[in-house]
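Enquirer: got a predicted structure here, sequence first:
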Amino acid sequence: MDTVGLFVAAAFVCGLVPQARQWLERHGLGITTVAVVAVTAGAITLLLVKAGRLVVSTSSTRRRQPEGWDILYLDRLHHGEFEDAVRDLLIRDGASGAVRVGGAGDNGADVKATDPVGRRWVIQCKHRRDGIRGAAVGTPDLHVLNGTGRPVHQGDVVVLVTNGRFTAPAREFARSQNLHLVDRELLGVWAAGPRPLWTLLARLPAPRHSSRSLRNRRLRVGG
């Protein structure tokens with residue numbers, strides 16, 4: 001049992017027991033019955049406390065869904081939450097198999113997903129606590145992503161996303177290696193919606209699925 005729940009339950013029982021004992025004694029019932037009533041009341045109170053917390057938690061989760069996000073919201077996230085947010089934005093846009101894989105041994109990939117036309121997206125995330133004032137993302141991070149995005153993760157579209165900025169050499173390197181950069185400004189546009197990321201980036205590879213096959217697949221799913 002958690003501390004806050006026990007405290008609330010104890011406070012409730014302390015208020016209840018004297019009145020319950022008086023009532024039970026007037027009706028000829030013993031202290032054992034009083035104890036049973038007290039324990040039961042405490043357990044019920046604790047369950048009510050936990051149920052209230054579940055409602056609050058559910059509301060908090062709803063607030064975290066990618067609807068109406070802005071760049072200031074993304075600035076406040078921890079780096080792990082930032083990776084989750086990028087994954088959730090891809091899911092919102094209709095990507096399938098979107099997963100967060102960031103962590104030790106991620107080989108330069110934090111999020112992977114497949115867009116509606118079958119292209120495999122491999123994304124590295126760089127969160128800056130100070131946003132645009134934070135350290136610019138440079139070529140070393142892109143070197144890692146470039147070395148693993150396609151040969152290791154089989155990415156068709158290899159992207160680095162930041163709520164900050166990129167150095168000029170990093171932008172030049174990305175152009176030369178066909179890497180895609182999402183800086184603070186573009187991230188803000190993407191997060192606010194409604195345009196999917198694949199409509200905001202240029203020089204994307206050809207779809208793996210044709211428009212006709214994609215349309216037929218949707219018709220089959222829809223019956």
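Expert: Perfect, I can see it now.
Enquirer: spatially nearest residue to residue 138, not counting backbone neighbours?
Expert: residue 167 (4.7 Å; Cβ to Cβ, 6 or more residues apart in numbering). C-beta here means a position set from N, CA and C on the backbone, and glycine is covered the same way.
Enquirer: okay, now that neighbour: neighbour count?
Expert: Residue 167 is flanked by 14 other residues according to other Cβ atoms under 10 Å.
Enquirer: so how far is residue 100 from it?
Expert: 26 Å (Cβ to Cβ, to the nearest Å).
Enquirer: same question, residue 131
Expert: For residue 131 relative to residue 100 (Cβ to Cβ), the value is 21 Å.
Enquirer: which one of those two is surrounded by more residues?
Expert: Shown here are residue 131 and residue 100; by other Cβ under 10 Å, residue 100 has more neighbours (21 against 17).
Enquirer: quick check on that one: phi, psi?
Expert: With angles defined as degrees, to the nearest 10, residue 100 shows backbone torsions of phi -90, psi 120.
Enquirer: test my guess that it contacts residue 110.
Expert: Yes: Residue 100 is in contact with residue 110 according to Cβ atoms under 8 Å; the separation is 6.5 Å.
Enquirer: okay, and the common contacts of these two?
Expert: 83, 86 (Cβ atoms under 8 Å, 6 or more residues apart in numbering).
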